[in-house]
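Peer 1: Pasting the sequence and the predicted coordinates here, then a few questions.
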Amino acid sequence: MAEKKTFESAITRLEEIASLLESGQLSLDESLKLYEESTKLASFCSGKLTDAEIKLNQHTEGNQG
């Protein structure tokens, strides 16, 4: 069974990818694969942050009314 992706696990993986890319030890193909993975992870994280912002705004607006 696949582990559910969380914001925290995605951030951790992005940090790992950044370190690997910065090392300069990867082939071009490996670098491209990791870059593609990182763009998907960044999009996932952005969506999670947007969802959280919407929920916070709804909660704040609900408490003001």
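Peer 2: Alright, I've got the coordinates.

Peer 1: for the longest helix seen in the chain, the distance to its chain's centre please.
Peer 2: When the chain is parsed with DSSP state H, its longest helix is helix 28-64. Relative to its chain's centre, helix 28-64 lies at 6 Å (C-alpha atoms, centre = their mean, to the nearest Å).

Peer 1: What residues sit buried inside that helix?
Peer 2: 34, 38, 41, 44-45, 48 (16 or more other C-beta atoms under 10 Å). Any C-beta I mention is one placed from the backbone N, CA and C, and that applies to glycine too.

Peer 1: Repeat that for stretch 12-22.
Peer 2: Here stretch 12-22 shows 13-14, 17 as buried, counting by 16+ other C-beta under 10 Å.

Peer 1: Spatially nearest residue to residue 31 (excluding sequence neighbours)?
Peer 2: Among residues not flanking residue 31 along the chain, residue 21 sits closest, at 6.1 Å (C-beta to C-beta, 6 or more residues apart in numbering).

Peer 1: Remind me which helix or strand that neighbour belongs to.
Peer 2: Element membership for residue 21, per DSSP states H and E: helix 7-23.

Peer 1: and the angle for the helix or strand of the chain with the lowest mean pLDDT with helix 7-23?
Peer 2: Within the chain, no helix or strand scores below helix 28-64, which has a mean of 94 by mean pLDDT, DSSP states H and E. Helix 28-64 and helix 7-23 are oriented at 150 degrees to each other (axes from the mean of the first three to the mean of the last three C-alpha atoms, to 10 degrees).
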